[in-house]
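>>> sequence plus the predicted model coming up.
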Amino acid sequence: MLFSKSILASIWILLAAITSASGSKVEPLYEWQFSDPSGTPLSKSQGLKNAEWSADFSDSFADGEGHYRLNRRPGNVSNAFVEIEPITAHGLDHVWLIVEIAGWHFTGSKATETMRVGFVDKAHERRPFVTAQINLQRTAEDQVVVTGEGFGKGAEDSASMPAFTSTQSEPVTFVLELDKGKDRFKLHYRLADGPFIPLGSGEISPDRNGNYLRLGFSGRFDGSGEEFLIDRISVTDKNPIR
């Protein structure tokens, strides 16, 4: 069967588009989508490669609607960790952490709510050896500040950005890039399906690696009507920012 040049050109264009689309897909190394049954704690959340978080936060569970719903009270577990085997075992030096949050609503009379999520060199409950992390903190009644933080000798933080208010009804995606080849991190965010916006970058210690993920909380998340919903936590070695 013979094809005209125009038909052949169209076929090649279609094949190129399919190849490009498949190549741009970001496949996770680790991922938790929190689609577990209602009441499932963090340590029992179904993740890729059966990776398990080390601890559970008080009164915090999957809600059966695709969210991990935080309702933590002070005085309980502050940190949970999971080992990221591909980085430690296979020598990856460039990875991205993706954290999707459906939204939050902070109502407590004191601005104490803080989330810290990122890469850790050594996992200790009281004093983890953090490499780089996202710090999301309510610092005033109606202000939430986000900072990218680097730790260890020679490390530096990004500038703090008062990017949000105490009520966030639109989904937010944070991406923390860890580049051990250059000992740097970068932080981006986007609202819903909008473009990614840079939130700064900084240095990380050459002596610290991304051997674990750390999810940590401090302050009260159990105020009347208070809400903090995480949709997904994922690690990939492909750049998700396009």
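Alright, I've got the coordinates.

>>> grab the most central residue of this protein for me.
When the chain is reduced to its mean C-alpha position, the closest residue under Cα atoms, centre = their mean turns out to be Val99, at 2.6 Å.

>>> tell me which element the residue lying closest to that one once chain neighbours are set aside is part of?
Distances taken as Cβ to Cβ, 6 or more residues apart in numbering put Phe174 closest to Val99, at 4.6 Å, once the chain neighbours are dropped. In this view, the C-beta of every residue, glycine as well, is placed from N, C-alpha and C. Taking DSSP states H and E as the definition, Phe174 sits inside strand 172-179.

>>> I'd like the next helix or strand past the lowest-mean-pLDDT helix or strand in the chain.
Every helix and strand in the chain was compared by mean pLDDT, DSSP states H and E; the lowest is helix 5-24, with a mean of 36. Next along the chain after helix 5-24, taking DSSP H and E as the criterion, comes strand 28-32.

>>> that following strand: which residues count as buried?
Going by neighbour count (16 or more other Cβ atoms under 10 Å), the buried part of strand 28-32 is 28-32.

>>> what average pLDDT does it get?
The average pLDDT for strand 28-32 rounds to 93.

>>> buried residues, stretch 27-44. List them.
Residues of stretch 27-44 classed as buried by neighbour count (16+ other Cβ under 10 Å): 28-34, 36, 40-42.

>>> rewinding a little: checking my notes, the residue nearest to the centre of the chain in a strand, right?
Yes: counting by DSSP: H, G, I helix; E, B strand; the rest coil, Val99 is part of a strand.

>>> which strand residues bridge it?
Beta-bridge pairing for Val99 (DSSP bridges): Phe174, Ile233.

>>> could you do the one 5 residues further on as well?
Trp104 forms beta bridges with Gln168, Phe228, as assigned by DSSP bridges.

>>> close enough to count as contact, it and Phe228?
Yes: in terms of Cβ atoms under 8 Å, Trp104 counts as a neighbour of Phe228; the distance is 4.6 Å.

>>> run a quick neighbour tally on the nearest residue to Gly39 once chain neighbours are set aside.
Spatial nearest neighbour of Gly39, chain neighbours left out: Phe61 (5.0 Å); criterion: Cβ to Cβ, 6+ apart. Using other Cβ atoms under 10 Å, Phe61 has 22 neighbouring residues.

>>> so who does Phe61 touch?
38-41, 68-69 (Cβ atoms under 8 Å, 6 or more residues apart in numbering).

>>> now do Asp36
44-46, 62, 64.

>>> from these, pick the one nearest Arg116.
Nearest to Arg116, judged by Cβ to Cβ, of the contacts of Asp36 is Ser45 at 18.5 Å.

>>> neighbours around the closest one, how many?
20.

>>> any idea how far it is from Asn79?
From Ser45 over to Asn79 the distance is 16 Å, taken as Cβ to Cβ, to the nearest Å.

>>> and for Thr173?
Counting by Cβ to Cβ, the gap from Thr173 to Asn79 is 23 Å.

>>> try Asn50
Asn50 sits at a distance of 21 Å from Asn79 (criterion: Cβ to Cβ).

>>> show me which of those two is the more surrounded one.
Each of Asn50 and Asn79 has its neighbours counted (other Cβ under 10 Å); Asn79 has more, 21 against 6.

>>> give me phi/psi at the more buried one?
With angles defined as degrees, to the nearest 10, Asn79 sits at phi -140, psi 150.

>>> tell me which element the residue lying closest to it once chain neighbours are set aside falls in.
In space, and not counting its chain neighbours, Asn79 is closest to Gly216: 4.3 Å by Cβ to Cβ, 6+ apart. Using DSSP H and E, Gly216 sits within strand 212-218.
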